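A.B. asks: Let's see this in three dimensions:
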Amino acid sequence: MSTTVKPYQEMQSGKREQVELMFNNISPKYDLLNKVLSLGIDKIWRKKSLNLLKSNQPKVILDVATGTADLAIEAAGRLKPASIIGIDIAEEMLQIGREKIRAKKLDQIITLQRGDSEKINFPDNTFDAVVVSFGVRNFEHLEIGLGEIYRVLKPGGNIMVLEFSKPQKAPFKQVYQFYFKNILPVIGKLVSKDTAAYTYLPDSVNAFPDGKAFCSILEKLGFGIEHYKPFTFGVCTAYVGKK
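C.D. replies: Here you go, the predicted structure:
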């Protein structure tokens, strides 16, 4: 993905630094906005995407760009692993995630730590599965981040990526584009007070190589594609690859 798509175009810093700043800024309202902007469907997307890993029964899972840990929490209940480690560059998001984990008494299964997707601080062949929800389009260098995921996966392990995609069929395509470009940024600004964050969202989705293009990148890096499943008319897509 092009590094020119950044949250704060007027700033000279790199995409990674800007994404960290953006998520720290919107962290207090992030979960609320997810529910409002997706009409609660985001929870269903996470469940369906994790179901694609059920038959593989991963015991040690890494959640990259974990944010406030929604995917990690869902994975703990749905996949019953021995442990989940979530990493994210935005410490304010992680703090909210830790509170949610404590409230659900999942401290013994899920741990969160600050970490960079492009420099994952774990040895080769560590995890049975690596999952990412709505995070890969924020990587500064997409192939470097995906390459790091490949490195820390055990042979035979799975990557699962859930990410926004672009609907292709009319009339939903037009309705979606109008909502994403005109309605979503207004709601995002009103609730989070960060105009750039919810202008960046549609821009980053439009720039992301979704669908078969993303599958091709995974294959180029050595993954075999096991699942490629669009949800809700193609608003988002789950991808599962195998090392």
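A.B. asks: Please make it C-alpha for all contacts and neighbour counts, starting now.
C.D. replies: OK.
A.B. asks: Let me see the ranges of the strands in this protein.
C.D. replies: With strands called from DSSP state E, the chain shows them at 60-64, 83-88, 110-114, 127-133, 153-164, 224-231, 236-242.
A.B. asks: Looking at Ser2 now. What's its pLDDT?
C.D. replies: Looking at Ser2, its pLDDT reads 43.
A.B. asks: err, Lys193, not the other one
C.D. replies: Looking at Lys193, the pLDDT reads 82.
A.B. asks: Contact partners for it?
C.D. replies: Going by C-alpha atoms under 8 Å, 6 or more residues apart in numbering, Lys193 touches Ile26.
A.B. asks: Relative to Ile187, how far out is it?
C.D. replies: According to C-alpha to C-alpha, to the nearest Å, Lys193 stands 9 Å off from Ile187.
A.B. asks: how about the strands of the chain in CSV, adding distance to Gln177, mean neighbour count and mean pLDDT?
C.D. replies: Shown next, in CSV, are these (distance: least, C-alpha to C-alpha, whole Å; neighbours: other C-alpha atoms under 10 Å; pLDDT from 0 to 100):
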stretch, distance to Gln177, mean neighbour count, mean pLDDT
strand 60-64, 28, 25, 98
strand 83-88, 29, 23, 98
strand 110-114, 34, 20, 98
strand 127-133, 21, 25, 98
strand 153-164, 12, 22, 98
strand 224-231, 16, 18, 97
strand 236-242, 13, 23, 97
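A.B. asks: want to try a markdown table for those strands, with distance to Leu50 as columns?
C.D. replies: Shown next, in a markdown table, are these (distance: least, C-alpha to C-alpha, whole Å):
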| stretch | distance to Leu50 |
| --- | --- |
| strand 60-64 | 12 |
| strand 83-88 | 13 |
| strand 110-114 | 16 |
| strand 127-133 | 9 |
| strand 153-164 | 8 |
| strand 224-231 | 12 |
| strand 236-242 | 9 |
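A.B. asks: Mind checking these for the one nearest to Tyr198?
C.D. replies: Closest approach to Tyr198 among these (C-alpha to C-alpha): strand 153-164, 13.9 Å.
A.B. asks: name the helices or strands packed onto that closest one?
C.D. replies: If contacts are counted by 3 or more C-alpha pairs under 8 Å, 6 or more residues apart in numbering; DSSP states H and E, strand 153-164 sits against helix 41-51, strand 127-133, strand 236-242.
A.B. asks: Looking at these, which is nearest to Leu33?
C.D. replies: Using C-alpha to C-alpha, those put helix 41-51 closest to Leu33, at 10.9 Å.
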